[in-house]
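Novice: Pasted the sequence and its predicted model underneath.
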Amino acid sequence: MMLILLILFIVIAVLYSKYYRQNGSPLNWIGRNEPESALDILKKRYAKGEIEKEEFEEKKKDIEQ
């Protein structure tokens, strides 16, 4: 019985560490399959400096229509 519990603990620890390294945080496990919205992507591009404010506002209006 003790051996089974030890093996189970090791398997859980390995799986936990695998997912933790892939996702950065266990909290990301919940919604990791949800696609990003167009507005979220646009906000990230603006925050990174890939697009200017004018282009951001223009595209935001298009998305919200």
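Specialist: Okay, I see it.

Novice: got the buried residues for the one helix or strand residue 43 maps to?
Specialist: When secondary structure is defined by DSSP states H and E, residue 43 falls within helix 38-48. In terms of neighbour count (16 or more other CB atoms under 10 Å), helix 38-48 has its buried residues at 42, 46. Just so you know, the C-beta spots here come from the backbone N, C-alpha and C atoms, and that holds for glycine as well.

Novice: What helices and strands are in contact with it?
Specialist: helix 53-64 (3 or more CB pairs under 8 Å, 6 or more residues apart in numbering; DSSP states H and E).

Novice: buried set for the helix it packs on?
Specialist: Of all the residues in helix 53-64, those buried under the rule 16+ other CB under 10 Å are 56, 59.

Novice: starting at the chain centroid, how far to that helix?
Specialist: Helix 53-64 sits 24 Å away from the centroid of its parent chain (CA atoms, centre = their mean, to the nearest Å).

Novice: before we move on, what about stretch 3-11?
Specialist: 30 Å.

Novice: average model confidence for that stretch?
Specialist: Average pLDDT, stretch 3-11: 90.

Novice: Show me how the record splits the protein into domains.
Specialist: According to automatic domain parsing, the chain is divided into the following domains: 1-34, 36-65.

Novice: For the last one, the averaged confidence score.
Specialist: Averaged across domain 36-65, pLDDT comes to 93.
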